[in-house]
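Q: Kindly generate the corresponding structure for this input.
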Amino acid sequence: MTSYEDALAEILRNVAPLEAEEAPLLRCVGQVMVEDVRSAYDLPALDTCGPDGYAVRSEDVCGASPAAPVVLRIAGTVRAGRLPRHRLRPGEAVRVMTGSPVPQGADCVVPFESTDEPGDKNGPRADDPSEVKILRAGTPGANIRRAGSNAAKGSLVLPRGTSVGPAQISALAAMGRSTVNVVRRPVVAIVSTGDELTSLRSPLRPGRSYDCNSTAIAALVSHYGGIPRVLGIARDNEASLMAKLRRGLSADAVITSGGVSKGDYDLVRLVVAKLGAVILSRIGMGPGASFAFGLLERDATGAAAAAIPIFALSGPPVGCLTNFETLVRPALLKMLGFRQLSHPVADAVVEDGIRERKPMPFVKWARVSGRRGQDHVVLNGGDGLGSLAAMAMANCLTVIPEGTVVRRGDRLPVLPLDWTRD
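A: Take a look at the predicted model:
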């Protein structure tokens, strides 16, 4: 039996980031960039106005106040996207909109709120529509976005290794990029095993259970950035399992569930050994101690091929998803090019407790909530086979050390699940 730490280290030694692809911006959210992106020009390209208002010379309005407004002649209007044609002269103001270029001669912008410009655009603007009263003084540079203030030409905006999200897409689009080079998403083949399993579209006969694992695994693969390919159920015979795994050889990774215990019909390790090599068999952590990891090194014809990692997860749903979160998730993130592979860790006060001492480290699907500035975690719910409902309500994991009794008020590290929103 291999400790969890050693098992994870061995798995990560046998997976690597995939090759790069050029992806459209709207299809690369969550992927990792493999290029440095520098700005091809200044952003903004010109000095632009911050708020709607009037571009003025600060020396003309240095003493302006509501009691002593400065009256300036309106020399024109500049809209966003239009270049100003007028050079500002002493005693003049140009009406400007957010994002419009600053007219030559102006060195600050006075917002409409600091003038006699009415909030109601349908009302009268001023006593004389050719003039504006400035009610507040302006200082040089006030309310002006300087050219290159967002990004100077040639500056590094997004370094390689950056995960693409909405903010990164905004920056890329602002620089005129419609695509970006990122680590390719892994295709993951998914197989459930067992004669007792029934697909979701079929009626459930006595003694059978629905295949919930492949659906849950596919959801997790998709959530973490992979492309799931569900291959269906392999029956408890070598030929059926071999056929399913050979179909998965065109993927970047294969995940199975069930068939890795010590029963007469647990054939996954046997078939994996015929298609490649079993590297790990059983881990010292529950639920899901029945876990295996290997490499598939043969193609569908039996010829040698590039090694494909295969993760053989436990059959019971709680053990299966525990295996995924603790062992598959880090490997999948590494294939996607991420550097941070582990869950974030927080600290919480235990609300209930566990009296039973486990013979190995044990993962609890738990629920954490904040109260009075401190996180509290509830550990109740069944273990192993009986904790499906508790898992469905969980928003974090916590690991109970081997042989430990957990009491109310104890503190435990918790690993928030990033696919929950409560």
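Q: For this protein, which segments are assigned as helices?
A: 4-13, 166-174, 213-223, 238-247, 268-275, 317-323, 329-335, 388-393 (DSSP state H).
Q: Pro84 is nearest to which of those helices?
A: helix 166-174 (22.3 Å; CB to CB). For glycine as for every other residue, the C-beta is placed from the backbone atoms N, C-alpha and C.
Q: Go through that closest one and flag the buried ones.
A: For helix 166-174, the neighbour count (16 or more other CB atoms under 10 Å) marks 168-169, 171-172 as buried.
Q: Where does pLDDT dip in the stretch 1-150 of the chain?
A: For the stretch 1-150 of the chain, the stretches flagged by pLDDT under 70 are 118-128.
Q: what about stretch 194-203, start to end distance?
A: 17 Å (CA to CA, to the nearest Å).
Q: again, but for stretch 349-362
A: From its first residue to its last, stretch 349-362 covers 18 Å (CA to CA).
Q: List the buried residues in it.
A: 350-351, 354, 358, 360-362.
Q: out of the residues you listed, which are inside strands?
A: Of the buried residues of stretch 349-362, the ones assigned to strands by DSSP state E are 350, 362.
Q: In the buried residues of stretch 349-362, find the pair that's most separated.
A: Glu351 and Met360 (24.1 Å).
Q: Give the residue spans of the stretch 251-400 of the chain that score low on pLDDT.
A: Within the stretch 251-400 of the chain, the stretches with pLDDT under 70 are 265, 300-305, 372-373, 380-386.
Q: As a check, name the ranges of all strands in it.
A: In the stretch 251-400 of the chain, the strands defined using DSSP state E, counting those that start in this stretch lie at 253-257, 276-281, 292-298, 304-313, 346-350, 362-371, 374-378, 396-400.
Q: quick revisit: turn the helices of the chain into CSV, including distance to Pro90.
A: Shown next, in CSV, are the helices of the chain (distance: least, CB to CB, whole Å):
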stretch, distance to Pro90
helix 4-13, 69
helix 166-174, 36
helix 213-223, 62
helix 238-247, 80
helix 268-275, 84
helix 317-323, 73
helix 329-335, 62
helix 388-393, 71
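Q: before we move on, the earlier item: for Met335, which of the strands of the stretch 251-400 of the chain is the nearest?
A: strand 253-257 (7.0 Å).
Q: just the CA coordinates of that closest one, formatted as CSV?
A: In CSV, the C-alpha atoms belonging to strand 253-257 read as follows (Å, rounded to 0.1, in the frame of the first residue of the first chain):
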residue,chain,number,x,y,z
ALA,A,253,-6.0,10.2,-20.3
VAL,A,254,-8.3,7.4,-19.3
ILE,A,255,-10.4,7.2,-16.1
THR,A,256,-12.2,4.1,-15.0
SER,A,257,-14.3,3.5,-11.9
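Q: can you list the residues that contact it?
A: The contact list for strand 253-257 (CB atoms under 8 Å, 6 or more residues apart in numbering) reads 15, 186-193, 213-214, 217, 221, 226, 234, 245, 248, 268, 296, 308-315, 320, 324, 328, 331-332, 335.
Q: if we can go back for a sec, so which of the strands of the stretch 251-400 of the chain is nearest Val180?
A: Judging these by CB to CB, what sits closest to Val180 is strand 253-257, at 24.0 Å.
Q: what distance separates the closest one from the centre of its chain?
A: On the basis of CA atoms, centre = their mean, to the nearest Å, strand 253-257 sits 23 Å off its chain's mean C-alpha point.
Q: same question, stretch 220-237
A: With CA atoms, centre = their mean, you get 20 Å for stretch 220-237.
Q: ok, now stretch 361-372?
A: Between the centre of stretch 361-372 and the centre of its host chain there is 22 Å, according to CA atoms, centre = their mean.
Q: Outside of that stretch itself, which residues are in contact with it?
A: Applying CB under 8 Å, 6+ apart, the set of residues contacting stretch 361-372 from outside is 4, 284-288, 318, 322, 326, 346, 348, 354, 375-379, 381, 383, 387, 390-391, 393-402, 414, 416.
Q: Mind listing what's buried along that stretch?
A: Neighbour-count burial for stretch 361-372, counted by 16+ other CB under 10 Å, picks out 361-368.
Q: Over to stretch 99-111?
A: Neighbour counts over stretch 99-111 (16+ other CB under 10 Å) mark 100-103, 105-111 as buried.
Q: got the residues you listed as TSV, with distance to Ala239 columns?
A: Listed next are these as TSV, based on distance: CB to CB, whole Å:
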residue	distance to Ala239
Ser100	72
Pro101	73
Val102	76
Pro103	80
Gly105	84
Ala106	81
Asp107	82
Cys108	80
Val109	77
Val110	81
Pro111	77
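Q: And those, which two are furthest apart?
A: Across the buried residues of stretch 99-111 (CB to CB), the longest gap, 19.2 Å, separates Gly105 and Pro111.
Q: can you map out the strands along the stretch 1-150 of the chain?
A: Going by DSSP E, counting those that start in this stretch, the stretch 1-150 of the chain shows strands at 20-24, 37-38, 48-49, 53-56, 70-78, 92-96, 108-111, 131-134, 144-145.
Q: What are the contacting residues of the first one?
A: Applying CB under 8 Å, 6+ apart, the external contacts of strand 20-24 come out as 31, 34, 178-184.
Q: can you put these in CSV and add neighbour count and distance to Val272?
A: CSV is the format used below for these (neighbours: other CB atoms under 10 Å; distance: CB to CB, whole Å):
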residue, neighbour count, distance to Val272
Gln31, 24, 30
Val34, 19, 31
Ser178, 9, 43
Thr179, 13, 38
Val180, 22, 37
Asn181, 15, 34
Val182, 25, 31
Val183, 22, 26
Arg184, 18, 25
